[in-house]
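Asker: Sequence and computational prediction follow.
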Amino acid sequence: MMWSSLFAALVFSATALGHAQTEEKRKAHSAALHRIATHSKRSLAACAETPAAVELRQRAVARRAAWANELRRSRGLTTQHVRRGKQELEKWMAISHNQTDKDYTLDTPLDELFTSNASCIFVPETTIGPYYVAGEYLREEISESEPGVPIYVDFQFVDVKTCEAVPHLIVDMWHANALGVYSGVTAEGQAGLKTNFGRGVQITDDDGVVQYRSIFPGHYIGRTSHLHVMSTNNATVLGNGTFEGGTVLHIGQTYFDQSLISAVEAIPPYSSNKQPLTDNRHDKLTGDEATELSDPFMKYVYLGDDVEDGLLLWMTVGLDKNANHNANISAAAHWHPGGGTDESGAKASVSSPGN
């Protein structure tokens, strides 16, 4: 199997959230997607089957399978049934995901169940979105006891030019709660500066891996359910559990199959979300980014028979280690012990000061 078949893309939006994108800009963005993805595919092909690349993806399969089994045991789930979703976005399915639903069991070969079968892309980012908060803590569990479907997220970061893992990256992840509300910001309808649920930072290990425990994010007006992810290289970890400095290699968003979103949205507390529902088909940041070489959807398995039992989600991300998106970073707020400070009116730096 080609190494490129194990990569899934973080979607890199070139449009500011909440602002309409002209047709001309959209076409230019799509052209940029294709050019960069094609170049990346060639780079990946050159190192796809090296012994190191093969061993790295074999370890990824074993890691994800072991974590799924550990999570099932810890949650008291005795069923032997795990399910993997299919890609539902019609545009993406029409290109390369035209497959029927499949049911898997724990007897299914691990390399079939726990790999990723999409390509990676690298698209210059011009916005980080309106709800990024700087200064978040290094931590794996980020739900802060918010109610919702448990998710266990495995991201692996790999150098597109060498197919080698990228260790020691600082990885920010943030997302809304079950009702589509963000913590840590003062914007109307959000949870305010004294909250920081759904936010955290991890450092990639020797295999380029970070793992998070949280809840499935809810939708909000104009946006389908999604996760935000940002990776920073050569940052300094501070004694208070935050970081400063470094070079931002990417800013991205990841998405979920519509069938999975629908299953989650049908149960409390998601079913009480009063914000208008936007599905994948009508969220421009999903449909416009799903190209022949770009799959923005996370792979997953149900840990039990029902979605309430939890989900293991994973994605392998190709990075250009020469990228630098520091100029595109602006924070809505900065987290401090006991609460944050509003920075929505000023450009914020990447660094997280040690206080």
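Answerer: Yep, it's here.

Asker: Secondary structure element holding Gln202?
Answerer: strand 199-203 (DSSP states H and E).

Asker: Now that strand: buried residues?
Answerer: Arg199, Gly200, Val201, Gln202 (16 or more other Cβ atoms under 10 Å). From N, CA and C alone the C-beta is placed, and that goes for glycine too.

Asker: Stretch 244-260 now?
Answerer: 244, 246-258, 260.

Asker: returning to what we had before: what's next to the following helix or strand past the strand holding Gln202, contact-wise?
Answerer: Sequence-wise, the next helix or strand downstream of strand 199-203 (DSSP H and E) is strand 209-215. Defining contact as Cβ atoms under 8 Å, 6 or more residues apart in numbering, one finds that strand 209-215 is touched by 60, 63, 67, 140-143, 146-157, 165, 169, 171, 173, 175, 177-178, 198, 200, 202-204.

Asker: ok so, going back, so what angle separates the directions of the strand holding Gln202 and strand 209-215?
Answerer: 160 degrees (axes from the mean of the first three to the mean of the last three Cα atoms, to 10 degrees).

Asker: Packing partners of strand 199-203?
Answerer: Using 3 or more Cβ pairs under 8 Å, 6 or more residues apart in numbering; DSSP states H and E, the elements in contact with strand 199-203 are strand 170-174, strand 209-215.

Asker: Turn those into a markdown table, including mean neighbour count.
Answerer: Shown next, in a markdown table, are the helices and strands packed on strand 199-203 (neighbours: other Cβ atoms under 10 Å):
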| stretch | mean neighbour count |
| --- | --- |
| strand 170-174 | 23 |
| strand 209-215 | 22 |
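
Asker: do you know which of the ones you listed lies nearest Gly192?
Answerer: With respect to Gly192, and counting by Cβ to Cβ, the nearest of the helices and strands packed on strand 199-203 is strand 170-174 at 15.1 Å.

Asker: residues making contact with the closest one?
Answerer: 131-133, 136, 142, 153, 155, 157, 182, 198-204, 210, 212, 214, 227-233, 235, 237, 243, 246.

Asker: strands paired with that strand, and their directions?
Answerer: Paired neighbours of strand 170-174 in the sheet (DSSP bridges): strand 199-203 (antiparallel), strand 226-233 (antiparallel).

Asker: Mind putting those into TSV with distance to Phe297 and mean pLDDT?
Answerer: Shown next, in TSV, are the strands paired with strand 170-174 (distance: least, Cβ to Cβ, whole Å; pLDDT from 0 to 100):
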stretch	distance to Phe297	mean pLDDT
strand 199-203	21	97
strand 226-233	10	94
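
Asker: Selecting buried members of the contacts of strand 170-174 in ChimeraX, what would you type?
Answerer: Buried members of the contacts of strand 170-174, defined by 16+ other Cβ under 10 Å, are picked up in ChimeraX with:
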select :131,132,133,136,142,153,155,157,182,198,199,200,201,202,204,210,212,214,227,228,229,230,231,232,233,235,237,243,246
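
Asker: Just the buried residues of stretch 244-260: which are in strands?
Answerer: Among the buried residues of stretch 244-260, the ones falling in strands (DSSP state E) are Glu244, Thr247, Val248, Leu249, His250, Ile251, Gly252, Gln253, Thr254, Tyr255.

Asker: So what pairs up with the residue lying closest to the fifth one once chain neighbours are set aside in the strands?
Answerer: Right, His250. Counting by Cβ to Cβ, 6 or more residues apart in numbering, Ser231 is the residue found nearest to His250 once chain neighbours are left out, at 5.4 Å. Per DSSP bridges, the residues bridged to Ser231 are Val171, His250.

Asker: who touches Ser231 in this structure?
Answerer: Applying Cβ under 8 Å, 6+ apart, the residues near Ser231 are Phe157, Val166, Leu169, Ile170, Val171, Asp172, Val248, Leu249, His250, Val317, Leu319.

Asker: From Ala235, how far off is Ala134?
Answerer: Distance of Ala134 to Ala235, given as Cβ to Cβ, to the nearest Å: 12 Å.

Asker: and Glu343, how many neighbours?
Answerer: 20 (other Cβ atoms under 10 Å).

Asker: wait, isn't it in contact with His334?
Answerer: Yes. Counting by Cβ atoms under 8 Å, His334 is a contact partner of Glu343 at 5.5 Å.

Asker: any residues in contact with both of those two?
Answerer: Ala134.

Asker: looking at it, Met230 is touching Thr247, isn't it?
Answerer: No. Judged on Cβ under 8 Å, Met230 makes no contact with Thr247 at a distance of 11.5 Å.

Asker: From the contacts of Ser231, pick the one nearest Arg281.
Answerer: Val317 (24.1 Å).

Asker: The closest one sits in which helix or strand?
Answerer: Using DSSP H and E, Val317 falls within strand 311-319.

Asker: Using CSV, write out every CA atom in that strand.
Answerer: The C-alpha coordinates for strand 311-319 follow below in CSV (Å, rounded to 0.1, in the frame of the first residue of the first chain):
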residue,chain,number,x,y,z
LEU,A,311,-15.6,6.8,19.5
LEU,A,312,-11.9,6.4,18.6
LEU,A,313,-11.0,8.9,15.9
TRP,A,314,-7.7,9.1,14.0
MET,A,315,-5.9,11.0,11.2
THR,A,316,-2.4,11.0,9.9
VAL,A,317,-1.3,14.4,8.7
GLY,A,318,1.5,15.3,6.3
LEU,A,319,3.5,18.4,7.2
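
Asker: and whichever helix or strand comes after that strand, what other elements does it pack with?
Answerer: Once the chain leaves strand 311-319, the next helix or strand it forms, by DSSP H and E, is strand 333-336. Helices and strands touching strand 333-336, by 3+ Cβ pairs under 8 Å, 6+ apart, are strand 133-134, strand 339-342.
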